Structure formats: C-alpha cells, structure tokens
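*Asks:* What follows is a predicted protein model with its sequence.
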Amino acid sequence: MILPLAGFTAAQGRMSLVAALVWTTLGSVVGALALYGVGAAIGRDRVRALVARLPLVKIADLDRTEAWFDRHGAKAVFFGRMIPIFRSLISVPAGLERMRMTTFLLFTTLGSLLWNSAFVLAGYGLGDNWRTVEEYVGVYSKGVLAVAAVVAVAFVAVRIVKARRAPSAGTHRATPPTRDFERDRFG
C-alpha cells in the first residue's frame, strides 16, 4: 500500500520519483539488515537445538536447507524480495548462515529496488487510481499465502504418514532365548 502511494505522491509533484524509489528501497534494506541481525544473533547452534526438539522436523531437513542456501543464497535473497511474506523472512537465514554482508546488501538492494520500482511506478502511472495496485497485490499475496499453506500441510501430512509407517524402536519383539542359552543357564 505504501509503495503505490509513494508513486502517487510523486505523480502529484509532492516528491520526486527518484526520491520515492531511493527512500522506499533504503527502508527495505534497513529492515532487511535488522532481520539479518536477528538471524545472526539467534545463531546456527540455537536453531539446531530448536529443530532437534520439533516434532516432524529433522536435523537432516535443516542440513539440506543449509546446503541449498549455500548454493542459492544470493539468488534466494534477490528473488525472495519479490515474494510477499518471504520478502522479509529471507533475511533471517542469510543472517544465520552469515552470508557475506556485501553480497547480502547487493542482492537485497537490487531485489528491493526492482520490487519497489514496480509498485512505485504503478502508483505513479495510475495517479488517482493508485489503490487499484492494492487489489492486485492482495490477490498475489493471498495466492502466495495459499501455496505456502498447502506446502506446509503437505509437509506435515507426509511426515505423519512416514512416522506411522516406520517401525518404532520400542515395538520390536525380543527374540526368545535359544536352547543353548537355556541349557547353559539352567544346566
């Protein structure tokens, strides 16, 4: 809502378009840095300890996620800036993994600038109809949220099914003693 409004304000001449783009992007980067700091402060060891206690989540899942982030971290930060909800959250794993600050800032700034430019320019171009952008973003955000919810439910369902199929450590039967053992023990 803020980005198209900034574009509308620029279209009315109360702010320059460049200033709207610079300030909205700077705000995005400052917010991302704060969440990067949260990830760095929590630290990898605390996250591993938490994951070890969570039902349905395994340390191996975390290991795979870390390996994926090592391979795709810069792309994840860049493209993550264009996905509602994940826009901010992607900064936390970047902090946890201690992504190089220059890389983090570069891809955060570029991704945020691209996202912000789309919405500021839409507000600028739509003028008095700048609220139209909000409707489309609302649909997009709800779609992303729905996909995330389906993925989360599928993850939990798969884990529950696998857990029920796997034999428990405490349910195996003890093997009966052999005759030789009985003979040696009881004479």
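*Replies:* Looks like it came in fine.
*Asks:* So which residues of the protein form helices?
*Replies:* Ranges of helices in the chain, per DSSP state H, are 2-11, 17-53, 59-80, 86-89, 91-96, 101-126, 131-165, 179-186.
*Asks:* what does stretch 25-41 rub up against?
*Replies:* For stretch 25-41, contacts defined as CB atoms under 8 Å, 6 or more residues apart in numbering pick out 81, 87-89, 91-99, 104-105, 108-109, 112-113, 115-116. C-beta here means a position set from N, CA and C on the backbone, and glycine is covered the same way.
*Asks:* One more pass at 10 Å, please.
*Replies:* Taking contacts as CB atoms under 10 Å, 6 or more residues apart in numbering, the residues outside stretch 25-41 that touch it are 2-3, 6, 47, 77, 80-81, 87-99, 101, 104-105, 107-117, 120.
*Asks:* Now that stretch: buried residues?
*Replies:* Of all the residues in stretch 25-41, those buried under the rule 16 or more other CB atoms under 10 Å are T25, S28, V29, A32, L33, L35, Y36, G39, A40.
*Asks:* Likewise for stretch 19-26?
*Replies:* A20, L21, T24, T25.
*Asks:* do stretch 40-54 as well
*Replies:* Buried positions in stretch 40-54, judged by neighbour count with 16+ other CB under 10 Å: A40, V47, V51.
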